[in-house]
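S.K.: following is a predicted model, sequence given first.
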Amino acid sequence: VGIGSRVWLQDKEEVWKGGVVVSYTPGDNIVVSDPETGKELRVSLKEEKSAMPPLRNPDILTMENNLTTMSYLHEPAVLHSLHQRFTVSNNIYTYCGIVLVAVNPYCDVQLYGNEMIWAYKGQQIGQLDPHIYAISEDAYSEMTTLGRNQSIIVSGESGAGKTVSAKYAMRYFATVLVMSRRPLSRGGYYLQILSWRR
């Protein structure tokens with residue numbers, strides 16, 4: 001880290017705020033300029049938990065649909081990327097490797113019709129934008145083609161949209177199974193899914 005490095009500083013209002021290093025004394029302090037206001041902030045490195053503030057990613061990586069493509073993967077980078085993808089591009093889904101991260105938009109979005117199901121049918125993860133249907137298709141493919149049991153873990157805080165996400169995953173399975181007219185042998189996938197929903 002040196003003069004001109006782009007860093008993240010903790011902020012009481014915005015949680016994390018980006019800045020540019022304008023002065024650095026190793027082991028003592030760092031002066032960071034806010035590019036929006038031009039104000040400078042002196043941070044004592046002795047008082048901070050880590051030696052240096054987290055580095056910012058290049059802007060070109062901010063909108064990537066997989067967080068693992070970022071140069072720096074830490075709390076401020078993840079929060080900033082999710083915020084940018086949601087506010088700038090209305091993308092509620094982002095991958096982090098094989099994990100799908102969802103931002104609850106707290107409103108109806110037009111992402112779940114049958115046309116979307118068929119767009120993701122037969123596609124591998126990463127071929128299309130991140131979506132709950134991509135995760136569902138991956139699990140469906142593993143179950144039907146390779147005969148492997150699958151689990152989709154939906155996790156989050158209260159109100160995060162876990163029930164809705166699980167509902168859309170189940171809708172994907174039910175729609176694909178009914179429309180593909182797969183035989184109901186060995187107990188049948190379709191009957192197993194319907195019995196689970198009761």
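M.R.: Now that the structure is in, tell me what you want to look at. Numbers count the residues shown, from 1 in each chain.
S.K.: contact partners for residue 160?
M.R.: 102, 104 (C-beta atoms under 8 Å, 6 or more residues apart in numbering). In this view, the C-beta of every residue, glycine as well, is placed from N, C-alpha and C.
S.K.: where does it land on pLDDT?
M.R.: Note on residue 160: pLDDT of 87.
S.K.: kindly report the same for residue 170.
M.R.: So residue 170 comes in at 93 (pLDDT).
S.K.: repeat for residue 116
M.R.: 96.
S.K.: what segments of the chain are helices?
M.R.: All helices of the chain, identified by DSSP state H, fall at 59-62, 75-89, 114-120, 132-146, 162-180, 189-197.
S.K.: go through the shortest one and flag the buried ones.
M.R.: It refers to helix 59-62. Using 16 or more other C-beta atoms under 10 Å as the test for burial, helix 59-62 gives residue 62.
S.K.: and if you look at the longest one?
M.R.: The neighbour-count check on helix 162-180 (16+ other C-beta under 10 Å) flags 162, 165, 168-177 as buried.
S.K.: which one of these sits closest to residue 27?
M.R.: Closest approach to residue 27 among the buried residues of helix 162-180 (C-beta to C-beta): residue 162, at 45.5 Å.
S.K.: now for the closest one: which residues touch it?
M.R.: Going by C-beta under 8 Å, 6+ apart, residue 162 touches 154-156.
S.K.: what's the spacing between it and residue 95?
M.R.: Residue 162 is 18 Å from residue 95, where distance means C-beta to C-beta, to the nearest Å.
S.K.: now swap in residue 4 and tell me
M.R.: Distance, residue 4 to residue 95, by C-beta to C-beta: 31 Å.
S.K.: same check, this time on residue 109
M.R.: With C-beta to C-beta as the criterion, residue 109 and residue 95 are 18 Å apart.
S.K.: of the two, who's got more company?
M.R.: Per other C-beta atoms under 10 Å, whichever of residue 109 and residue 95 has more neighbours is residue 95, with 21 against 8.
S.K.: pLDDT score for the closest residue to that one other than its chain neighbours?
M.R.: Once flanking residues are discounted, residue 95 sits nearest to residue 66: 4.2 Å by C-beta to C-beta, 6 or more residues apart in numbering. In this prediction, residue 66 carries a pLDDT score of 96.
S.K.: buried ones in the longest strand along the chain?
M.R.: For the chain, the longest strand by residue count, based on DSSP state E, is strand 15-25. Going by neighbour count (16+ other C-beta under 10 Å), the buried part of strand 15-25 is 16-21, 24.
S.K.: please indicate which of the contacts of residue 162 are buried?
M.R.: Neighbour counting by 16+ other C-beta under 10 Å classes residue 154 among those as buried.
S.K.: out of the contacts of residue 162, which comes closest to residue 32?
M.R.: Closest to residue 32 out of those is residue 156 (32.9 Å), distances taken as C-beta to C-beta.
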